[in-house]
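*Asks:* Need coordinates for the following:
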Amino acid sequence: MIANITKGKRAVGALVYDFGPGRRDEHINPRIVAGNVTGTPLQVARAIDHTARRRPGITAPIWRASLSLPDEDGILPDAQWSAIATAFIADMGFGGAPWVAVRHGDDHIHLTVSRVDWSGQLLTDRWDYRRAREAADRLEEEHGLVRAADRFRSEGPQVRNNELEAAKRRGRGPDAPKPPEREELRRLVREVRDASRGLGRDAFESGLADVGVGVRANVASTGRMNGYSFTLEGWTDGSGEQVWVAASKVARELRWAQLKTVIGDAPAAGPDAAATAAFVDRATEMLRQGRIERGAAQPGDHPALSSDPAARILAQWQAKAAGQEAPAEALPEPVPKPVVPAWTDKRRRPYGALATDAIPAEIKKTRRQIATWQSEMETAQTTARTWDGLATGAVTGTRVRDLHQLAAKVEAAAPHIEAEVAARHDRVAADTAADAARKMLREARHRKELGWLELRKLGTNRKAEEKKEAVSGEAIHAYVEQGRQAMHRAADASRAAQEASGLPWAEREQTRLREEWPQLLADAQRGDQDEGRARRDAEQARVEDLARRIQGAAARADRLAQEAELRRTMPADQAKAEGRARRDAARSKPPTSRRRKAAPRPPGEQPAHLRRQPPAAGGAGRTR
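*Replies:* Have a look, this model is predicted:
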């Protein structure tokens, strides 16, 4: 399974592409197979974008990944793709954010995820390529899929694009009777290499010529052999020039550094060529299985003096076949007697003056200090990782939590706030109606005092105005009572909102949160991240300081151990002489300075500061 990751600004464009015709492969039956957002494709995309816009400072809040399978895995059902997508999103840590998986082909799906979760927190994408590879590896093992690590473990440079197209024009290719030239070269050269094992360069080059492979040795101006280049008859470029391919471009193991260890050197001619060749073959096989594979070859040494028996056999028989005398083995050089630096040499024995019995205690003390610092460093590292999560936005801080708790308190008081607002509206309506009734009452009282002719002109009479006066008076009393009751309801709702939220002004907080929520959330997140960065940097500085202390203490413990080992292995007479010298040096050291105690004062005698005479009148320092 291959996970290809991209990032963008909007999910609408991504979903439009997933449900569109496609640019490379034709999109067949696009459909949503997994996710936590429902609706039409456009509704899903808008919901993801709406969540991503809660963090306007993020330039690429949309995280995209395509999971593709090879043909060997076949066509998986939608239910299995849904399980794979859900597990992959959970492994990546994006389960708390809106996401959707779309399938429009047989071998892959597309994941569209918002890096801003439902609560407005930014999800980290650090090391997402490595985490995606690890998640894909786990899913391959869980669902029994072909491992990508095995698919892409290439044995050498592959035939791709332009070279494959040119090979097809020459009648070669995967579907043609003959493979591309590079692949045929790889097969032929390997066969000749295995057949020429231990026979030398001449046999190897002759075998290549027999199978129709052109070979050219790449020799430097100094005479050093650097490797081979190969070609096939009829392999030319567009200008008609022969195409030569370096051995390392055919297969990795055909490089000269590896190839020369396989083909070896040709057997030397001599009076007993058959016996020489047999011994050479045996020595070559021993070399191949022993020294060369172990990497124990000694460049610059004469092979006959080597400690490897295969090398000695080969060199001695080569010399014998050439009619030469094999060189004798060199005698081992005497081991020089080690020179022990003096214990007074502070540069080479900084702890030479320390008593022998005190060294183990110093080592133990130093190691206890190292253990203490290591424990402190691990604690500081854990704390730094915690603050790093807060600094990167992966962990919610106290400011954001307090803001969400405030929103929850306001939400708990929301019904009471709505009841208070409705009661205030009822009171305002009652007051308005009472004012209208008062106006009608005043008008009725005024018309009641008019004559019958004026009332007739106004289309009314005294009796009607008296009735209107009575009705208006009753309406005023009713509306005033309604306003009083609405005022009481508003007061009760306000007290209930205060009790439910624990806030003295719940309605004011609700209005503030509703109008300024994005800015308040952004400020809280910024404050938490600033605090996280400051605390993280402080803990990291402490970790570095503790690491330096541990390194210095470890070096001190090593030097103390070296001093103890040196004293254990040095000659006895030298150890005794050093011990005497250390004891003599310790005795000759001056005693540490101590503060002398004052002699006791005889009884009745005054202290020194009271025995001094006062200055004479008019003396120095006396002013008038």
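*Asks:* List the contacts of residue 67.
*Replies:* 1, 2, 3, 84, 85, 88, 108, 109, 111, 136 (CB atoms under 8 Å, 6 or more residues apart in numbering). Glycine gets a C-beta too; all of them are placed from N, C-alpha and C.
*Asks:* out of those, what pair is the most spread apart?
*Replies:* Put simply, by CB to CB the two of those set farthest apart are 2 and 85, 14.6 Å from each other.
*Asks:* Show me which of these two is the more surrounded one.
*Replies:* Each of residue 2 and residue 85 has its neighbours counted (other CB atoms under 10 Å); residue 85 has more, 24 against 15.
*Asks:* so that one touches residue 36, yeah?
*Replies:* No: using CB atoms under 8 Å, residue 85 and residue 36 do not qualify as a contacting pair, with a distance of 10.9 Å.
*Asks:* Kindly export the helix or strand in which residue 164 is found (C-alpha atoms) in CSV.
*Replies:* Assigned by DSSP states H and E, residue 164 belongs to helix 161-169. Only the C-alpha atoms of helix 161-169 are listed here, as CSV (Å, rounded to 0.1, in the frame of the first residue of the first chain):
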residue,chain,number,x,y,z
ASN,A,161,9.6,5.8,-19.7
ASN,A,162,11.9,6.9,-22.6
GLU,A,163,14.1,3.9,-22.6
LEU,A,164,11.1,1.6,-22.5
GLU,A,165,9.5,3.4,-25.4
ALA,A,166,12.7,3.2,-27.4
ALA,A,167,13.0,-0.5,-26.7
LYS,A,168,9.4,-1.0,-27.9
ARG,A,169,10.3,0.7,-31.2
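*Asks:* Low-confidence ranges, the stretch 101-250 of the chain, go.
*Replies:* Scanning the stretch 101-250 of the chain for pLDDT under 70 picks out the ranges 150-161.
*Asks:* Where do the strands of this structure begin and end?
*Replies:* In the chain, the segments counted as strands under DSSP state E are 2-8, 31-35, 62-68, 99-103, 108-114, 213-219, 225-232, 245-246.
*Asks:* which one of the ones you listed lies closest to residue 478?
*Replies:* Judging the strands of the chain by CB to CB, what sits closest to residue 478 is strand 108-114, at 56.3 Å.
*Asks:* any idea how far residue 371 lies from residue 377?
*Replies:* 11 Å (CB to CB, to the nearest Å).
*Asks:* Comparing those two, which shows the higher neighbour count?
*Replies:* residue 377 (18 against 12).
*Asks:* picking up where we left off before, who's in contact with the helix holding residue 164?
*Replies:* 159, 173, 176, 180, 181, 182.
*Asks:* do stretch 356-373 as well
*Replies:* Here stretch 356-373 makes contact (CB under 8 Å, 6+ apart) with 351, 354, 546, 549-550, 553-554, 556-557, 560-561, 563-564, 567, 579.
*Asks:* where does this protein have low pLDDT?
*Replies:* Along the chain, segments meeting pLDDT under 70 span 22-26, 150-161, 265-339, 589-624.
*Asks:* biggest helix in it by residues?
*Replies:* The helix that spans the most residues within the chain, counting by DSSP state H, is helix 506-569.
*Asks:* Please state the offset of that helix from the chain centre?
*Replies:* 17 Å (CA atoms, centre = their mean, to the nearest Å).
*Asks:* Output the contacting helices and strands for that helix.
*Replies:* For helix 506-569, the elements it packs on are helix 358-392, helix 398-412, helix 414-448, helix 462-501, judged by 3 or more CB pairs under 8 Å, 6 or more residues apart in numbering; DSSP states H and E.
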